[in-house]
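Peer 1: Okay, sequence plus prediction incoming.
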Amino acid sequence: PSLSTKLNAAASSGEFGTPDMGDVGFVLLAGGTGSRMKANMPKQYLPLRGVPVLHHSLDLFLEKLVDHCKSQGASPPENVVLVMDPTYQPEYQPILDKYPGRLEFANPGEERQGSVENGLNKLVEMSGGKCQYAAIHDSARPL
């Protein structure tokens, strides 16, 4: 059954469990320039509770969600793509190195839809076609 079918069945039975997420991939969009905000850096890199906003999203998808899935006996997501301007990639390479095979970069497109497309293409590539579902997350809005 599809993920949607599993979620609907769990919700209608009154027992909502954590579905297996081994075939779900995440695309974190962090390629924006924050030009409308008029800050000295894109908003995904501004501090929130002492760390850059983007780090809250990375922690959610690479640590907290994985721990939750495992604690519930569900398969965690295996693939996360970080769509990021190449200018910032060297700074984030040590984070990618902590998650070999689970976290990879994709370059942003000219517009958001191009960034999503690049992220999805990388997700298909890194999962070897195993990824059946994708969630697109705007890293500047982690809450």
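Peer 2: Done, it's in.
Peer 1: which residue ranges form the strands in this protein?
Peer 2: Assigned strands in the chain, in chain order: 24-30, 47-48, 51-52, 79-84, 103-106, 133-138 (criterion: DSSP state E).
Peer 1: Export those to JSON lines and append columns for distance to S4 and mean neighbour count.
Peer 2: Heads up, the C-betas are built off the backbone N, CA and C, glycines and all. As requested, the strands of the chain are exported to JSON lines (distance: least, CB to CB, whole Å; neighbours: other CB atoms under 10 Å):
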{"stretch": "strand 24-30", "distance to S4": "12", "mean neighbour count": "25"}
{"stretch": "strand 47-48", "distance to S4": "32", "mean neighbour count": "12"}
{"stretch": "strand 51-52", "distance to S4": "33", "mean neighbour count": "16"}
{"stretch": "strand 79-84", "distance to S4": "19", "mean neighbour count": "26"}
{"stretch": "strand 103-106", "distance to S4": "26", "mean neighbour count": "20"}
{"stretch": "strand 133-138", "distance to S4": "9", "mean neighbour count": "15"}
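Peer 1: Output those in TSV, with distance to S2 and mean pLDDT appended to each entry.
Peer 2: Formatted as TSV, these follow (distance: least, CB to CB, whole Å; pLDDT from 0 to 100):
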stretch	distance to S2	mean pLDDT
strand 24-30	11	95
strand 47-48	34	68
strand 51-52	35	82
strand 79-84	18	97
strand 103-106	25	98
strand 133-138	8	94
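Peer 1: Could I get the buried residue list for the longest helix along the chain?
Peer 2: The residue-count maximum for a helix in the chain (DSSP state H) belongs to helix 112-127. By neighbour count on 16 or more other CB atoms under 10 Å, the buried set for helix 112-127 is S115, V116, N118, G119, L120, K122, L123, V124, M126, S127.
Peer 1: Format the strands of the chain as JSON lines; extra columns: distance to D97.
Peer 2: Formatted as JSON lines, the strands of the chain follow (distance: least, CB to CB, whole Å):
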{"stretch": "strand 24-30", "distance to D97": "17"}
{"stretch": "strand 47-48", "distance to D97": "23"}
{"stretch": "strand 51-52", "distance to D97": "18"}
{"stretch": "strand 79-84", "distance to D97": "13"}
{"stretch": "strand 103-106", "distance to D97": "9"}
{"stretch": "strand 133-138", "distance to D97": "22"}
